[in-house]
Every structure is written in structure tokens, then in C-alpha cells.
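In: Okay, structure incoming, though there's no sequence with it:
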């Protein structure tokens, strides 16, 4: 597990907090009760404006060739393989699921795409908030929705775990690329520890144990990120706000 590996490298105890909802994890991060967290790029840019209490550490570079060795990801717009929907334009009036409103790939990037297509009014027939990309995928497989936008890395992980669902899902549009979701650290962590954390993340791939752990997660390495790397998400958020859902 990454947290244990990083803690071992730093020589400090580290515990993974995964048994509470993501909303609670973000709240604890904001309070400084969680020191290090992996968050979506949209919450990052919003937090960097409202309360710059977090700093960037690094972002994952996925191993799949589609990422070209860069810290990026995509939003895959998918339908059921048996659906007669073939393109994004076919989705007008469809039943659509988004994971949650604070998601870049599952929510805001779709609003941005609609804005760039000149759409300002209601586009989908009915919208459902699923709560997570995984739940959106399950709703699609059960055909309780027509389409959804899923983080490409989440979709690829689902395919790896359950190869049987590959033939049940069809991609109609790919949005992106976008800068990868970053790992961040709360500013209350001492500066020297922040730098040590960054060094650990950026060097994980240089040892066999670390590379094996990354391979299992489909990650090739972690890349150093700057705040400017997330300016595209800031612009997407600005444009997306012009579309009413």
C-alpha cells in the first residue's frame, strides 16, 4: 500500500484513511487532520482560491500507452454496448448519470463540452447523481441509465478487474486530456517533511518494491506538478459555469 511504503521511506508511521466517505476525507484534509490526500483536480483548483491550505506533491503518470508518459487522464463517455446510441449528439434527451458535482471528469468537463458546442439549455432528458464513477458504471451495466462520463483510469481498472464487462461497454466520445488528479499535502505539515514527501513520491519507481506496487495500480511513475499545470481546469470551470444543469 502506498501510504505504508511512503511512511517507511520517511521513517514515520503512516495510516491510510479509507473507511469514511470522500466528503469526510476532504473535510478532514481542510482541517489539517489528514496530512496527505489524493483529490480531483477541480476541488484542488477551488481550494487553491478559497483556502490555500494545501500544496501540490505529485500526480500519477499512468502506464497505458494512451497517456503517452504524461500526467494526464481522460473522461470516457460510455453507453451500454447494446445501446443504439452512437455519438455524443445522440445523447440529447438520454438518461445521464454523473458521479458528483465536484468532479472534473464526471461532471464539469461534460458541461464544458456542451458549452463549446453552443449548448446552454437542458441537454439530457433526466440526470442522476450516482455518488461515484464505479456506481455510474454499475448503473450503466444494469441499463438504468443510458450514458455517463467515467474517469478513464477508473474505467481501465474496472476492465482489468472484471474483463467480462469490456464487451458490455462502448465509448462514444473521449473528452480531454486533463491534468491528472494530484496528491496534495496540508500546509501545516513542516516544509522539510513536505519536500521529503515529494522526493518519496518522485522516486518510488526507482526501486523494485516501489515499481511492483505502481505496476499493480497501472502507474509508471509520479510526476512533479506546479499550480500552473491546473490552469486548464480553471478555464474549463469558468466556461462550464455558463451551462445550466
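Out: Structure received. Please read all numbers here as calculations on a predicted model, not as lab measurements.

In: which element is residue 149 on?
Out: strand 147-151 (DSSP states H and E).

In: tell me what that strand is packed against?
Out: strand 72-80, strand 95-98, helix 133-141 (3 or more CB pairs under 8 Å, 6 or more residues apart in numbering; DSSP states H and E). The way it works is simple: take the backbone N, C-alpha and C, and place the C-beta from them, glycine included.

In: As TSV, the ones you listed with distance to residue 215 and mean neighbour count would be great.
Out: Listed next are the helices and strands packed on strand 147-151 as TSV, based on distance: least, CB to CB, whole Å; neighbours: other CB atoms under 10 Å:
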stretch	distance to residue 215	mean neighbour count
strand 72-80	18	23
strand 95-98	31	22
helix 133-141	22	21
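
In: I'd like those laid out as TSV, including mean pLDDT.
Out: Listed next are the helices and strands packed on strand 147-151 as TSV, based on pLDDT from 0 to 100:
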stretch	mean pLDDT
strand 72-80	98
strand 95-98	98
helix 133-141	98
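
In: quick one, what contacts residue 176?
Out: Counting by CB atoms under 8 Å, 6 or more residues apart in numbering, residue 176 touches 72, 73, 74, 75, 105, 109, 152.

In: Try it again at 6 Å.
Out: 74, 75 (CB atoms under 6 Å, 6 or more residues apart in numbering).

In: in the host helix or strand of it, what's buried?
Out: Assessed by DSSP H and E, residue 176 sits inside strand 169-179. By neighbour count with 16 or more other CB atoms under 10 Å, strand 169-179 contains the buried residues 169, 170, 172, 173, 175, 176, 177, 178, 179.

In: Which neighbours in the sheet does it have, and how are they oriented?
Out: Using DSSP bridges, strand 169-179 pairs in its sheet with strand 72-80 (antiparallel).
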